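A.B. asks: Mind folding the following:
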Amino acid sequence: MARLLLVVGLGCVLLVAASEPPAASDDVVALLAFKRDIYEDPLAMLSDWNSSDTVPCQWSGVSCSPLDGRVVTLELSNSSLRGFLAAEIGSLSSLQKLILDHNTLMGSIPRAIGKLQNLTVLNLSTNQLMGPIPSEIGDMRKISTIDLHANRLNGDIPPELGKLTNLVELRLSNNSLTGTIPGSNDSVMVTTSREDQIGLCQLAQLTDLDLSYNFLVGDIPTCLKQMKGSSRVGNCFQDNDIMNRPVEQCENINGTDTDHITGGSGEKNMTQPLWLLIVEVVTGVSLLSILTLCAIAGLRRCKDRSSGDSIPWTRAISWKESTVISIDDDLLGNVPKMSRQELAEACEDFSNIIGSSHETVVYKGTMKDDREIAVVSLSVPVHYWTNYVELYFQREVVEMARLDHENVAKMVGYCKESDPFSRMLVFEYPANGTLYEHLHDGEGCQLSWPRRVKIALSIARVLRHLHTELQPPFAVAALTSSSVYLTEEFSPKIIDFERWRALVAKPFLSSGVIVNGGPLNGVVDARQMRFMDVQANTFAFGVILLELISGRASLSKDTDDLVDWARKHLDQPEEFSKLVDPKLKNVNDDNLGIICNAVNLCIDAEPSRRPSMNMIAAILEEGVDMSTASALRASSLAWATAELAMS
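C.D. replies: Residues are numbered from 1 along each chain as shown. Got it, this is the predicted structure:
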């Protein structure tokens, strides 16, 4: 029977293989599959990956061998990529370095990664990968560095890692790995040859091992205790009490693993053969059925080819259909959850609407403790809310919750209910309206020159924090004067409402570019593209500076585009004064010059030439004089008032 199945299987493989046309370029096909599964590329890192190219060696992040032109390096770290790691990556048979750290890769590590027999460096750290570490990694015999830290990987450490005799560095910290460390626990075995040992103790070249902050249990292998470059803090080991997690975090883990290690009760062991028998029977029947169908399909395809006038019709399968999305219910565990009833009471039964669009409705409310809140309700029918959208929603909630700065409106919590279907985000609400309202809807009299300069400095500092001090960096989806709210003391608070509009619009778009949360009346306005990434935030900050200086709106049907108008004067320092809002008095010329120079840098038409917000903030902090003496020097009336006060 076994021989029959083997013969049928080989026949099926040969028939199907014979019917497939040869691939034009395995490397190009694999890389395009990688690009297909990346659904967000805000920095346009993959924009030059063209399907018409037969050689990918000039593509961003790709390096090739000068000998045969095969891809040897794929390096796209810190590229703000969001998506999944395609299994086709395993087809890059000459790949030596795969470096994709500090992105937002989700889903599991594909098993096909084990096909990368020439890989020496694998770095997928600081992503959001889930599931177990595939045992197939043990097939990459040339690997010297594996870095998977700061993901959401779970399950056991595969003992197959012990096959990687060239492994020097292994970093698995800050995941949710469980089970015991595969290795020899007998101290006698430390003096024996490596061939007699098991698991990680076989790795003679290993000098850097980081297993910290997981949920590993059992004893620490003796070989690892003697390794100087080994870190194991923050686990649940039996002999590592001082450096373990708190006991309450380890109780359930230890209980589960004890049953797993010992095999459970005697009753479970007695029923094991029955389960094995059932599995064997089901597997055998399924295998026979699949092989039979495969053989029939292969024969039919050969027959169709011989006829020469029949082309089979196939339906293209999207990545959403072929990818299993896993939802982690504990993902939002650290974010406060609020009930719909609680929010309805705060927002006057959702009657106090302060903003709306096709994708969202924003309500204003007051909590029982007198805190004012803004509630963003996502307008999506339940039948459009797929697992993909739910995962995206949860990731974005976690992304927003990690923002902790005095000039970012704090996320108070979220609401997630099924009856009625509700997805809401709750933010603290600064009570003094938006910067846009003060500059353009009112008289602007409350925004004096010193106050405007302070607002500019505060926004520069928060953007520096978001762009350079957070890892991974955070870019505001739509940074405008309308997304900057003011407290009663006129301190700015950024609320990123557009991020949620983009989330809601995404399922409805089959192609094209998302701009400010969706199509702009069917036309993509190139000026809005500046809001899509970190460099675009720098441009947007330059626009806000221009609004603060001039009192003009960035876009208006009555006036020219603000940036186009300002560029006429920014190249000539003697014309800086022509940019100033006529309502402003006592403008400090030195401060104006510093700010205009910063604007010039921010709105450079070439994004790559725009400096980071770290540099822009430093220019403003070092150049702008906000002292009392500076304010007095700028105003003769202020000098007179001060002298009268002292007399």
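
A.B. asks: looking at the protein, which helix or strand does the model trust least?
C.D. replies: Averaged element by element with mean pLDDT, DSSP states H and E, the chain has its least confident helix or strand at helix 319-322 (a mean of 38).

A.B. asks: could I have stretch 536-552 exported to PDB, CA atoms only?
C.D. replies: What follows is stretch 536-552, C-alpha atoms only, in PDB (Å, rounded to 0.1, in the frame of the first residue of the first chain):
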ATOM      1  CA  ALA A 536       6.100  64.300   5.000                       C
ATOM      2  CA  ASN A 537       5.500  65.200   8.600                       C
ATOM      3  CA  THR A 538       8.500  67.500   8.300                       C
ATOM      4  CA  PHE A 539       6.900  69.200   5.300                       C
ATOM      5  CA  ALA A 540       3.600  69.500   7.200                       C
ATOM      6  CA  PHE A 541       5.400  71.100  10.100                       C
ATOM      7  CA  GLY A 542       6.800  73.700   7.700                       C
ATOM      8  CA  VAL A 543       3.300  74.500   6.500                       C
ATOM      9  CA  ILE A 544       2.100  74.900  10.100                       C
ATOM     10  CA  LEU A 545       5.000  77.300  10.700                       C
ATOM     11  CA  LEU A 546       3.800  79.300   7.700                       C
ATOM     12  CA  GLU A 547       0.300  79.400   9.100                       C
ATOM     13  CA  LEU A 548       1.500  80.600  12.400                       C
ATOM     14  CA  ILE A 549       3.600  83.400  10.800                       C
ATOM     15  CA  SER A 550       1.100  84.500   8.200                       C
ATOM     16  CA  GLY A 551      -2.300  83.700   9.600                       C
ATOM     17  CA  ARG A 552      -3.200  82.200   6.200                       C
END
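
A.B. asks: Distance from stretch 55-74 to the middle of the chain?
C.D. replies: 26 Å (C-alpha atoms, centre = their mean, to the nearest Å).

A.B. asks: now stretch 353-367
C.D. replies: Distance, stretch centre to chain centre, for stretch 353-367: 26 Å (C-alpha atoms, centre = their mean).

A.B. asks: sorry, back to before: skip ahead from the least confident helix or strand of the chain and say which helix or strand is next.
C.D. replies: Downstream of helix 319-322, the next assigned helix or strand under DSSP states H and E is helix 340-346.

A.B. asks: Quick check: buried residues in that next one?
C.D. replies: For helix 340-346, a neighbour-count test (16 or more other C-beta atoms under 10 Å) marks 340, 342-344, 346 as buried. Using the backbone N, CA and C atoms, a C-beta is placed for each residue, glycine as well.

A.B. asks: ok, now how distant is residue 441 from residue 433?
C.D. replies: From residue 441 across to residue 433, the span is 8 Å (C-beta to C-beta, to the nearest Å).

A.B. asks: same deal with residue 555?
C.D. replies: In terms of C-beta to C-beta, residue 555 sits 19 Å off from residue 433.

A.B. asks: And the residue nearest the centre of the protein?
C.D. replies: Nearest to the geometric centre of the chain sits residue 104, at 3.1 Å (C-alpha atoms, centre = their mean).

A.B. asks: Wait, it touches residue 85, no?
C.D. replies: No. Taking contacts as C-beta atoms under 8 Å, residue 104 lies outside contact range of residue 85: 11.3 Å.

A.B. asks: For the stretch 351-500 of the chain, which segments are assigned as helices?
C.D. replies: Ranges of helices in the stretch 351-500 of the chain, per DSSP state H, counting those that start in this stretch, are 387-401, 435-436, 449-464, 498-505.

A.B. asks: need the next SSE after the last one, C-terminal direction.
C.D. replies: Note on helix 498-505: by DSSP H and E, the next helix or strand toward the C-terminus is helix 534-550.

A.B. asks: and the helices of the stretch 351-500 of the chain as TSV, adding mean neighbour count, distance to residue 140 and mean pLDDT?
C.D. replies: Below are the helices of the stretch 351-500 of the chain laid out as TSV (neighbours: other C-beta atoms under 10 Å; distance: least, C-beta to C-beta, whole Å; pLDDT from 0 to 100):
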stretch	mean neighbour count	distance to residue 140	mean pLDDT
helix 387-401	18	29	81
helix 435-436	22	53	90
helix 449-464	21	40	94
helix 498-505	22	37	67
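
A.B. asks: Same list (these) but as CSV, adding distance to residue 603.
C.D. replies: What follows is these, written out as CSV (distance: least, C-beta to C-beta, whole Å):
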stretch, distance to residue 603
helix 387-401, 27
helix 435-436, 18
helix 449-464, 14
helix 498-505, 20
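
A.B. asks: Residue 67: which of those helices is closest?
C.D. replies: Nearest to residue 67 among those is helix 387-401 (41.5 Å), distances taken as C-beta to C-beta.

A.B. asks: what's the offset of the closest one from the middle of its chain?
C.D. replies: For helix 387-401, the gap between its own C-alpha mean and the chain's C-alpha mean amounts to 10 Å (C-alpha atoms, centre = their mean).

A.B. asks: Counting by contacts, list what that helix packs against.
C.D. replies: strand 104-106, strand 411-418, strand 421-428, helix 498-505 (3 or more C-beta pairs under 8 Å, 6 or more residues apart in numbering; DSSP states H and E).

A.B. asks: what's the closest of these to residue 34?
C.D. replies: strand 104-106 (10.5 Å).

A.B. asks: So what are the sheet partners of the closest one and their directions?
C.D. replies: strand 82-84 (parallel) (DSSP bridges).

A.B. asks: After the partner strand, which helix or strand is next? Please name it.
C.D. replies: Following strand 82-84 toward the C-terminus (DSSP H and E): strand 97-99.

A.B. asks: Do me a favour and average the pLDDT over that next one.
C.D. replies: Regarding strand 97-99, the rounded mean pLDDT is 95.

A.B. asks: what about the residue nearest to the centre of the chain, distance to residue 466?
C.D. replies: Distance of residue 104 to residue 466, computed by C-beta to C-beta: 16 Å.

A.B. asks: ok, now residue 158?
C.D. replies: Here the criterion is C-beta to C-beta. By it, residue 158 lies 37 Å from residue 466.

A.B. asks: Which of these two has more residues huddled nearby?
C.D. replies: It is residue 466, of residue 158 and residue 466, that has more neighbours when counted by other C-beta atoms under 10 Å, with 23 against 18.

A.B. asks: what's the spacing between the more buried one and residue 617?
C.D. replies: 11 Å.

A.B. asks: which residue sits closest to residue 238, ignoring its sequence neighbours?
C.D. replies: Spatial nearest neighbour of residue 238, excluding adjacent residues (C-beta to C-beta, 6 or more residues apart in numbering): residue 219 at 5.7 Å.
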